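*Asks:* Next comes the sequence, and after it the predicted model I'd like to discuss.
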Amino acid sequence: MINWNKITQDESVIVGKIVKRAVKELGVKDILSAQMDISAAHIEMPIKLNELLKADKFNFGHDVAGIINNMNRATSKLDNCFVPRFAR
């Protein structure tokens, strides 16, 4: 189970900006799921959120789409050996 208290308010704001960019640039439709997937990934495997937000479209898309497509919501882990490029 995810301990949602491990993500700070500031980190949540950045995740929101990441999701907003993902909607615009990647066509993400499910905003709430994307926000939860990226937050859960950050809690489980810290991500350099500011760097991800500022990344070029290719690397941004790799990490965001990879997180969304590989998040196992039952375990809160990323499946298929996926590791975001901006993981710490």
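*Replies:* Good, I have the coordinates. Numbering: from 1, shown residues only.
*Asks:* Grab the nearest non-local neighbour of Val83.
*Replies:* Met45 (7.4 Å; CB to CB, 6 or more residues apart in numbering). C-beta: built from backbone N, CA, C; applies to glycine.
*Asks:* show me what contacts that neighbour?
*Replies:* Taking CB atoms under 8 Å, 6 or more residues apart in numbering as the contact definition, Met45 lies against 78, 83-84, 87-88.
*Asks:* who touches Arg88 in this structure?
*Replies:* Here Arg88 is in contact with 45-48 (CB under 8 Å, 6+ apart).
*Asks:* ok, and the most crowded of the residues you listed?
*Replies:* Ile47 (24 neighbours; other CB atoms under 10 Å).
*Asks:* Distance check, that one against Ser39.
*Replies:* 10 Å (CB to CB, to the nearest Å).
*Asks:* Name the residues of the longest helix along the chain that are buried.
*Replies:* In the chain, assigned by DSSP state H, the helix with the most residues is helix 9-26. Neighbour-count burial for helix 9-26 flags 11, 14-15, 18-19, 21-22, 26 (criterion: 16 or more other CB atoms under 10 Å).
*Asks:* Can I get those in TSV including distance to Asn3 and pLDDT?
*Replies:* Formatted as TSV, those follow (distance: CB to CB, whole Å; pLDDT from 0 to 100):
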residue	distance to Asn3	pLDDT
Glu11	13	98
Ile14	19	98
Val15	16	98
Ile18	20	98
Val19	21	98
Arg21	26	98
Ala22	24	98
Leu26	28	97
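*Asks:* Please consider this matter closed, and thank you.
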